[in-house]
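Q: Model the structure of this input:
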Amino acid sequence: MSDSDSVRPAIHTVGIIYRERSAEASALAHTLAARMSAGGRRAWLAEREDEAEIVDQLVGTELALVLGGDGTILSVARLCAPLQIPILGVNFGRVGFLTELEPLEVEEKLPLYLNGDYWVDERTMLQAEVGHDGATEHLIALNDVVLARGAEPRVIRVKVWIDGHLYNTTVADGVIVSTATGSTAYNLAAGGPILHPQVRSSVLTPLAPHLAADRSLILEPSAVITLEVEERSGAAVLSADGQINRDLAVGSRVVIRGNAHMTRFLRRRPPTYFYRILTAKLRDNL
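A: Below you'll find the predicted structure:
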């Protein structure tokens, strides 16, 4: 995390990415693009669903201004992290753990960020390596990687290795490997612990396990987790951030570790703001 008192260079090139289904987000996106262009900045627009367009425009972009909910930010984060492009989120969703501004704040506060008054909140990510169609595919996630049962209503048996050590065989609906950022998402719903977003550790949480002793485990940052769907299990599904999904055959192995890239968010709120919003966000969305 960077020094919150430092002022950074002004931002001149902004990509504005918004939810296609939100008329309010679309209207604000076009208004902001016009204002930035009139003020001498370069601003481009893209709908969240148009990933090819976003990828084409990101090179040379200094900031991704994302108008949407946490799901929109998760999808954009996977594109921005490899290019080290920071994200500033405007909340048009329900929860908004990852966003920084509410729509009514944008007109007043956005110029502060564009003029360099912010600090950078760096979040760890995960990567999963999985065999798929005869090749190894690498998926990255900001929130979590989940190995869960497929369409059949039956548990799966998952062998779990940590740094090459056979930890256990989990009999459950699945296994969640979560970052600290994702600890307030599916991990929390499954009874896992909440981690402060600056924590570098990951969390291994069984999903509806058969054994009461099968609990969450907080892992050190460099841990490598290997999950194998046992032969006696049914088919399973691998999911990254709930958005990228792959069917897995029995016997498949998935290797999960920290990703080299970080997701960067622009912040002006103090780092302790996480504690202030945690209870309110959870209470409001029960």
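
Q: Show the pLDDT at A151.
A: A151 is assigned a predicted lDDT (pLDDT) of 78.

Q: what helix or strand is it on?
A: For A151, there is no host helix or strand (DSSP states H and E).

Q: From the structure, what's the count of residues near it?
A: By other CB atoms under 10 Å, 9 other residues sit near A151. All C-beta atoms are positioned from the backbone trio N, CA, C, and that covers glycine.

Q: Okay, the most far-flung residue of the chain relative to its centre and L32: tell me how far apart.
A: Distance from the C-alpha centroid of the chain peaks at A38, with 32.9 Å (CA atoms, centre = their mean). Using CB to CB, to the nearest Å, A38 is found at 11 Å from L32.

Q: State the distance from Y18 to T99.
A: As for Y18, its distance to T99 is 13 Å (criterion: CB to CB).

Q: Common neighbours of the two, please.
A: Common contact partners of Y18 and T99 (CB atoms under 8 Å, 6 or more residues apart in numbering): V66.

Q: ok, these two, which is more surrounded?
A: Shown here are Y18 and T99; by other CB under 10 Å, Y18 has more neighbours (26 against 23).

Q: Next, give phi and psi for the residue positioned nearest the centre of the chain.
A: Nearest to the mean C-alpha position of the chain, by CA atoms, centre = their mean, lies L142 at 2.8 Å. Reported as degrees, to the nearest 10, the phi and psi values for L142 are phi -90, psi -40.

Q: Next up, phi/psi of the closest residue to it other than its chain neighbours, please.
A: Ranked by CB to CB, 6 or more residues apart in numbering and with sequence neighbours excluded, the top spatial neighbour of L142 is A77, at 4.6 Å. Torsion angles at A77 (phi, psi; degrees, to the nearest 10) stand at phi -60, psi -40.

Q: neighbours of A77, just the number please.
A: By other CB under 10 Å, 28 other residues sit near A77.

Q: ok now do it, which residues does it touch?
A: Residues in contact with A77 (CB under 8 Å, 6+ apart) are 87, 125, 142, 263.

Q: Check the residues you listed and tell me the two furthest apart.
A: The two members of the contacts of A77 with the most space between them (CB to CB) are I87 and M125, at 12.6 Å.

Q: In terms of neighbours, single out the busier of the two.
A: Of the pair I87 and M125, I87 is the one with more neighbours under other CB under 10 Å, namely 26 against 23.
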